[in-house]
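Engineer: Sharing a sequence plus its predicted fold:
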Amino acid sequence: MKMTKTSLLVAAALALFAAPVLAGDLIQLKTGKWMPTAPAAGEQEEPSVEDLEASQYTVVEENYDVTFYKIEGVGQRQKYDTAKIRRVVYGEKPAAFLEASDAMGSGHFGDAVAGFDALAKQKRNPHWVRQYSLYNIGRIYQEGAGDFQNAIAAWERYERDFPKGKFLPKVLVSKGLAWLALGDEAKARSSFGKIERLKGLPEGAKMKGKYWMIKITQLKGEKSGNTALINQALSQYKALLEQVESKSELQEVAILARLGIGDCLLLLEKYGEALDFFKKIAASSDEPDVLAGAYNGLGRCHYAKEEWGEALLCFLRTVILYDTNQEQTAMALYYAAKSYTMRQGDDWKNRARSLFRECINRYPSTQWKRLSEEGILTVR
């Protein structure tokens, strides 16, 4: 399974927590400041083991809206808005959690699920151990195994056990995507709609919920060939972009809206407009996720115009340079393989088969696996 940011953070923490016993947790604000220690002006260095050992901060609760801290030995709590916090680096970790994390990272999903499940059930465990455990169970089923029914069960378990948990907005998105993968648009819409109704949720997260509601309309129009629905989604993306594009803290949503506009223009066969739009997106960002979406959009425009060489260059660029988002990489692998099938000669066909197989093996939880399984059968 491709490691996500959460797994990478676990790996980083393993290297950081070399000391046998650590006193507390360290909190990093979005300003770069570490609490209770602060790097020199302009620096955002990793804390040392000594910093961790000296820390008096112990996180006693983390919610999606406010994170609470307790200063050890003083008995008081300090509140910090979640929006101001970049991350928390936890102190000593249970051996069972590290073992389950290792199993997840090495692809032993059965062992990982069993380990995380046992940790989540133990109420005496720190809140973050139980939250991460439930969250990782859902990720294993959805991202690793493509088992959407069990993933949904894990997400619902998280909602029940942590109704204000720090991962709740992500859980609702993941559950919505799982329902979409199972073809239940009504339940997907219900899950995404809950995001907008959460009290105390930062505006950016609420706007993401709105984005996914529009995305359902787009996907429904795409699936049925209903241009009225695609035009509706296009108008809604434009309205969303107007709401967020001037706010620096909402630029992630602005990027999603722009990519949605480009996708709708492409689906409406307005290839010239779509090409110009995706080019502007690519030129305006150096973020890998954004560039992956932009170059996939450019590739799909060229593919629709039967410009196989130009399409292939765009898709391979995503695969090689911007492999940070499983949905975008899977799409790029599929379309790159399809572009190869349009070339003459056995060598091109063999390359197509290879890319179809890579997509099938690496991304079992995406629609591109099924399409690649169908695509590989057409290579003659």
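Structural biologist: Structure received.
Engineer: only C-alpha atoms for contact and neighbour calcs from this point on.
Structural biologist: Will do.
Engineer: What count of nearby residues applies to V49?
Structural biologist: 14 (other C-alpha atoms under 10 Å).
Engineer: Let me fix that, I meant to ask about E245.
Structural biologist: 17.
Engineer: That one and K238, how far apart?
Structural biologist: 10 Å (C-alpha to C-alpha, to the nearest Å).
Engineer: ok, now L29?
Structural biologist: Applying C-alpha to C-alpha to L29 and K238 gives a distance of 33 Å.
Engineer: Which one of the two is surrounded by more residues?
Structural biologist: Neighbour count, other C-alpha under 10 Å: between L29 and K238, L29 has more, with 18 against 15.
Engineer: Next one: that one from T58, what distance?
Structural biologist: 15 Å.
Engineer: Where does pLDDT dip in this structure?
Structural biologist: 1-23, 36-45, 72-75 (pLDDT under 70).
Engineer: let's see it at 80
Structural biologist: 1-24, 35-57, 68-77, 83, 343-346, 365, 380 (pLDDT under 80).
Engineer: Let me see the contact set for G297.
Structural biologist: 262-263, 266, 274-275, 278 (C-alpha atoms under 8 Å, 6 or more residues apart in numbering).
Engineer: now K280
Structural biologist: K280 sits in contact with no residue, where contact means C-alpha under 8 Å, 6+ apart.
Engineer: Shouldn't it be within a strand?
Structural biologist: No. Read with DSSP: H, G, I helix; E, B strand; the rest coil, K280 is helix and lies in no strand.
Engineer: what comes into contact with the top helix by length along the chain?
Structural biologist: Determined from DSSP state H, the single longest helix within the chain is helix 203-224. Here helix 203-224 makes contact (C-alpha under 8 Å, 6+ apart) with 169, 173, 185, 189, 192-198, 226-230, 232-234, 236-237, 240, 249-250, 253, 256-257, 260, 264, 267.
Engineer: Show me those that map onto helices.
Structural biologist: Those of those lying in helices (DSSP H): 169, 173, 185, 189, 192-197, 227-230, 232-234, 236-237, 240, 253, 256-257, 260, 264, 267.
Engineer: Quick check: PyMOL command selecting the buried ones in the residues you listed.
Structural biologist: Buried members of those, defined by 16 or more other C-alpha atoms under 10 Å, are picked up in PyMOL with:
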select buried, resi 169+173+185+189+192+193+195+196+229+230+233+234+236+237+240+253+256+257+260+264+267
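Engineer: Was I right to think E159 contacts L168?
Structural biologist: Yes. At 6.9 Å, E159 counts as touching L168 under the criterion of C-alpha atoms under 8 Å.
Engineer: who has more neighbours, these two?
Structural biologist: Set E159 next to L168 and count neighbours by other C-alpha under 10 Å: L168 wins out with 21 against 18.
Engineer: and that one, what is it in contact with?
Structural biologist: L168 neighbours (C-alpha under 8 Å, 6+ apart): 64, 158-159, 162.
Engineer: among the residues you listed, who's most crowded?
Structural biologist: Y158 leads the contacts of L168 on contacts (other C-alpha under 10 Å) with 26 neighbours.
Engineer: ok, now which ones touch the closest residue to that residue other than its chain neighbours?
Structural biologist: Once flanking residues are discounted, Y158 sits nearest to L134: 6.1 Å by C-alpha to C-alpha, 6 or more residues apart in numbering. Neighbour list for L134: 116-117, 120, 154-155, 157-158 [criterion: C-alpha under 8 Å, 6+ apart].
Engineer: Go ahead and name everything in contact with the one helix or strand M331 maps to.
Structural biologist: Assigned by DSSP states H and E, M331 belongs to helix 326-341. Applying C-alpha under 8 Å, 6+ apart, the external contacts of helix 326-341 come out as 2, 292-293, 296, 300, 303, 308-309, 311-312, 315-316, 318-319, 322-323, 348-349, 351-356, 358-359, 363, 366, 368-369, 371-372, 375, 379.
Engineer: Check these for burial and list the buried ones.
Structural biologist: The buried subset of the contacts of helix 326-341 - by 16+ other C-alpha under 10 Å - is 292-293, 296, 300, 303, 308-309, 311-312, 315-316, 318-319, 322-323, 348-349, 351-353, 355-356, 358-359, 363, 366, 368-369, 371-372, 375, 379.
Engineer: if we can go back for a sec, just put the contacts of L134 in CSV and tack on distance to A337 and secondary structure.
Structural biologist: Output for the contacts of L134, formatted as CSV (distance: C-alpha to C-alpha, whole Å; DSSP: H, G, I helix; E, B strand; the rest coil):
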residue, distance to A337, secondary structure
F116, 37, helix
D117, 39, helix
A120, 41, helix
A154, 34, helix
W155, 34, helix
R157, 39, helix
Y158, 38, helix
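Engineer: For E287, state which of those residues is nearest.
Structural biologist: Taking C-alpha to C-alpha as the measure, E287 lies nearest W155 of these, at 28.9 Å.
Engineer: wouldn't that closest one be in contact with V173 here?
Structural biologist: No. Assessed by C-alpha under 8 Å, W155 is found out of contact with V173, at 9.9 Å.
Engineer: how about the helices of the stretch 51-200 of the chain, start to end?
Structural biologist: Counting by DSSP state H, counting those that start in this stretch, the stretch 51-200 of the chain has helices at residues 95-105, 109-121, 127-139, 148-161, 168-181, 185-197.
Engineer: Would you indicate which residues of the first one are buried?
Structural biologist: I take that to be helix 95-105. 97-98, 100-105.
Engineer: Please state the offset of stretch 350-365 from the chain centre?
Structural biologist: Relative to the centre of its chain, stretch 350-365 is centred 21 Å away, using C-alpha atoms, centre = their mean, to the nearest Å.
Engineer: scratch that, stretch 180-190 is what I was asking about
Structural biologist: For stretch 180-190, the distance to the chain centre is 18 Å (C-alpha atoms, centre = their mean).
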